[in-house]
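Engineer: only the shape, not the letters, is given here:
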């Protein structure tokens, strides 16, 4: 280390390459080995403390090197979302990954690009002890010239001016300010922030810094108010709705506001400069290392939107947790109604197949058959079992969040037991009705017409398609599970947009509709749209997903299709009638096993994806999952029966 330090001091023309060697030396082999990084940095600090002349020379060389750099751009751009918008920024990051941008050699960003070459450099740097890091900063900056200090201070103030302008522009954006009432006034922080930034510039120009302490304190107050504004705007999403554009702007405002307070603390001479400089440095390095990260921008911006979307499903999903026998059998009757509708949908689908129309028309009819059927099931308040996971995941994640705060997961385990028995009885209601309905209708059709709805070849193929050992039934069931998850997202997003754009209210006030319909009729339609627009859009989208998959698979030359437990049971009923009940015992066993596994994978895929989105939207750590599993296991050992049927004292 001492040789590297001396080499850096003796070759100022090669400062960057020599500095890179020092960083490489300090960098641990393993990212989580913070002890190694602390030990090596402590070694550097000890060397500089023991040799005062070397410390002075090293500090002067480093300060002169930094003083020549442009740091303003990295302060205003690094770690802050650009104004281009979410989709544009995603495209830009993909483009920069493929072909990195050309950086100015006199910029701090260029220096970071040469020094911090590993993606996880920000991680091990954050593991360095704050006291040690501050001590190193003090030593390294102790002999910086007044000219260098002044140059950097000017760049900090220039960055401050840019950041305050951007915050104020966002604060006056109609979409953003509309999320919170009471901030569009003259005492709004977005009106006052620029004034205080101008005061700092005037003080620096006049070399009169006596009144800056008050200015800095006022800016800190405005910082807290802006923080409150962004938090309140996010909380108001259920009231006003929210879009990806607003989420992006709020995230950008939050990042700018955080950068603002770091720069203020660096400028304020009352503050121990080591702390804000260290934090700013670590933040800049961490963001530089993941500047092209797609997961980071997606997580930061979709979390709030996902939370609002899943909140809709949470409200819809509460009815799927059965607490007692009354609710349990109500759900069974509702599922039986769903099975009845599906039985007819299977018959219609088979008839559409034998129309032998053009592929596009056949697919369109499949889509409409599913979509109309699902909407009828919804409007009649019937239940399709596999739609439960997308609706219940948010309710479970909310319960998990509550349990995580209190440290007691027993209530969450009770909720899992309620979901388990609800899913079981819903499956039973769907299958026990869908299968006999489709079979009886097929048998009656044969009795009346003398021909089967489903021909022998098609019936044999349909039975084989349910066999998990000779077909892709499990994979196709997983595809259907993904569609079930996606339709739940679409339902929640539609309801969110309905709230954000005030669609029900606009329907009531539409001039043409007001002339054409009575006020009571418009009110009813507006209320219907408010309540049912989301679920209906989800059901329609699910219908089109299920109906179009086979055509997409044929177009791509891939074996793509869907398997849904209730439809599989209904199709087996039609096939059984088409084969005149001539199905071997082995085929019966394999088909029933296939239908069971199809249901399991419909549920698992849909529930896992929905749960993942719900957990991410609430920022719930998965570190507590082992404790959750222990609580569920304890509940299972105490009363297995409760996972399948209610008990008298079940709450």
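Structural biologist: That came through, no problem. Just so we're clear, the structure is a prediction, and the values are computed from it rather than from any experiment.

Engineer: okay, now the unreliable bits of the chain?
Structural biologist: Applying pLDDT under 70 to the chain flags residues 186, 300-320, 388-394, 406-407, 616-624, 648-651.

Engineer: what does the residue of it most remote from its centre show for phi and psi?
Structural biologist: What lies farthest from the middle of the chain is residue 450; by Cα atoms, centre = their mean that is 55.2 Å. The phi/psi pair for residue 450 (degrees, to the nearest 10) reads phi 80, psi 0.

Engineer: show me which helix runs longest in the chain.
Structural biologist: Criterion DSSP state H: the longest helix present in the chain is helix 410-449.

Engineer: got the buried residues for that one?
Structural biologist: For helix 410-449, burial by neighbour count (16 or more other Cβ atoms under 10 Å) applies to 412-431, 433-439, 441-443, 445-446. All C-beta atoms are positioned from the backbone trio N, CA, C, and that covers glycine.

Engineer: and if you look at stretch 224-233?
Structural biologist: Buried-residue list, stretch 224-233, by 16+ other Cβ under 10 Å: 225-227, 229-230, 233.

Engineer: touching the strand or helix carrying residue 213 from outside, list them.
Structural biologist: Here residue 213 sits within helix 212-235, counting by DSSP states H and E. If you take Cβ atoms under 8 Å, 6 or more residues apart in numbering as the criterion, helix 212-235 is touched by 167, 171, 176, 179-180, 183, 189-190, 192-193, 196-197, 199-200, 203, 242, 246, 250, 253-254, 257, 260-261, 264, 267-268, 270, 304.

Engineer: over to stretch 169-178?
Structural biologist: With Cβ under 8 Å, 6+ apart as the test, stretch 169-178 has contacts from 183-184, 188-190, 226, 229, 233, 240, 243, 245-246, 249-250, 252-253, 256.

Engineer: do I have it right that residue 348 meets residue 369?
Structural biologist: Yes. In this structure, residue 348 is within contact of residue 369 by Cβ atoms under 8 Å, at 5.1 Å.

Engineer: among those two, which residue is more densely surrounded?
Structural biologist: Legend: neighbour count by other Cβ atoms under 10 Å for residue 348 and residue 369, higher for residue 369 (21 against 16).

Engineer: was I right to think the more buried one contacts residue 345?
Structural biologist: Yes. Assessed by Cβ under 8 Å, residue 369 is found in contact with residue 345 at 5.9 Å.

Engineer: residues contacting the closest residue to residue 6 other than its chain neighbours?
Structural biologist: Residue nearest to residue 6 in three dimensions, not counting chain neighbours: residue 54, with 7.0 Å by Cβ to Cβ, 6 or more residues apart in numbering. Applying Cβ under 8 Å, 6+ apart, we find residue 54 in contact with 5-6, 9, 47-48.

Engineer: of these, which belong to strands?
Structural biologist: Using DSSP state E, no member of the contacts of residue 54 falls within strands.

Engineer: so which of those is the most crowded?
Structural biologist: That'd be residue 48 among those, by other Cβ under 10 Å, with 22 neighbours.

Engineer: so that residue sits against residue 139, correct?
Structural biologist: Yes. Assessed by Cβ under 8 Å, residue 48 is found in contact with residue 139 at 5.1 Å.

Engineer: identify the contacts common to these two.
Structural biologist: Counting by Cβ under 8 Å, 6+ apart, the residues touching both residue 48 and residue 139 are residue 55.

Engineer: can you pull the contacts of residue 203?
Structural biologist: Neighbouring residues of residue 203 by Cβ under 8 Å, 6+ apart: 209, 211-212, 215.

Engineer: SS state for it?
Structural biologist: Classification of residue 203 using DSSP: H, G, I helix; E, B strand; the rest coil returns helix.

Engineer: residue 646 too?
Structural biologist: Here residue 646 is coil, with the state taken from three-state DSSP.

Engineer: mind giving me the domain split of this structure?
Structural biologist: The record's domain split for the chain, according to automatic domain parsing, is 2-292, 307-643.

Engineer: that older thread, filter the contacts of helix 212-235 down to the buried ones and hand me the PyMOL line.
Structural biologist: Buried residues among the contacts of helix 212-235 (16+ other Cβ under 10 Å), as a PyMOL selection:
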select buried, resi 167+171+176+179+180+183+189+190+192+193+196+197+199+200+203+242+246+250+253+254+257+260+261+264+267+268+304
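
Engineer: so of the contacts of helix 212-235, which ones are in helices?
Structural biologist: The helices in this structure, assigned by DSSP H, contain 167, 171, 176, 189-190, 192-193, 196-197, 199-200, 203, 246, 250, 253-254, 257, 260-261, 264, 267, 304 from the contacts of helix 212-235.

Engineer: buried residues, the helix or strand encompassing residue 460. List them.
Structural biologist: Residue 460 is located in helix 456-466, with elements delineated by DSSP H and E. Of all the residues in helix 456-466, those buried under the rule 16+ other Cβ under 10 Å are 458-460, 462-466.

Engineer: would CSV of those residues with distance to residue 295 be doable?
Structural biologist: CSV is the format used below for those (distance: Cβ to Cβ, whole Å):
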residue, distance to residue 295
458, 45
459, 47
460, 47
462, 42
463, 44
464, 41
465, 37
466, 38
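
Engineer: of all those, which comes closest to residue 14?
Structural biologist: residue 465 (69.6 Å; Cβ to Cβ).

Engineer: grab the nearest non-local neighbour of the closest one.
Structural biologist: Nearest residue to residue 465, sequence neighbours excluded (Cβ to Cβ, 6+ apart): residue 471, at 5.0 Å.

Engineer: which elements pack onto the helix holding residue 460?
Structural biologist: helix 565-578, helix 585-617 (3 or more Cβ pairs under 8 Å, 6 or more residues apart in numbering; DSSP states H and E).

Engineer: any idea which of these gets closest to residue 542?
Structural biologist: Closest among the helices and strands packed on helix 456-466, using Cβ to Cβ: helix 585-617, at 10.7 Å.

Engineer: now the closest one: buried residues?
Structural biologist: By 16+ other Cβ under 10 Å, the buried positions in helix 585-617 come out as 587, 590-591, 594-595, 597-599, 601-603, 605-607, 609-611, 613-617.

Engineer: C-terminal to that helix, what's the next element?
Structural biologist: Immediately after helix 585-617, counting by DSSP H and E, sits helix 625-638.

Engineer: residue 551: neighbour count?
Structural biologist: Neighbours of residue 551 under the rule other Cβ under 10 Å: 17.

Engineer: just the element for it, please.
Structural biologist: With DSSP H and E as criterion, residue 551 is part of helix 519-556.

Engineer: now that helix against helix 565-578, angle please.
Structural biologist: Angle, helix 519-556 to helix 565-578, by axes from the mean of the first three to the mean of the last three Cα atoms, to 10 degrees: 70 degrees.

Engineer: and helix 519-556, what does it pack against?
Structural biologist: Checking 3+ Cβ pairs under 8 Å, 6+ apart, helix 519-556 ends up next to helix 359-379, helix 473-500, helix 503-509.

Engineer: show me what the helix or strand following the last one is in contact with.
Structural biologist: Same thing as helix 503-509. Downstream of helix 503-509, the next assigned helix or strand under DSSP H and E is helix 511-516. For helix 511-516, contacts defined as Cβ under 8 Å, 6+ apart pick out 507-508, 522.

Engineer: rerun that using 6 Å as the cut-off
Structural biologist: Helix 511-516 has contacts (Cβ atoms under 6 Å, 6 or more residues apart in numbering) with residue 522.

Engineer: buried sites along that helix?
Structural biologist: For helix 511-516, burial by neighbour count (16+ other Cβ under 10 Å) applies to no residue.

Engineer: begin at 23, not 1, for the rest of this chat.
Structural biologist: Got it, the first residue is 23 from now on, which makes the last one we talked about helix 533-538.

Engineer: how far is the helix or strand where residue 146 lies from where the chain is centred?
Structural biologist: Assigned by DSSP H and E, residue 146 belongs to helix 143-148. How far helix 143-148 lies from its chain's middle: 25 Å, per Cα atoms, centre = their mean, to the nearest Å.

Engineer: just stretch 615-629 next, same as before
Structural biologist: For stretch 615-629, the distance to the chain centre is 25 Å (Cα atoms, centre = their mean).
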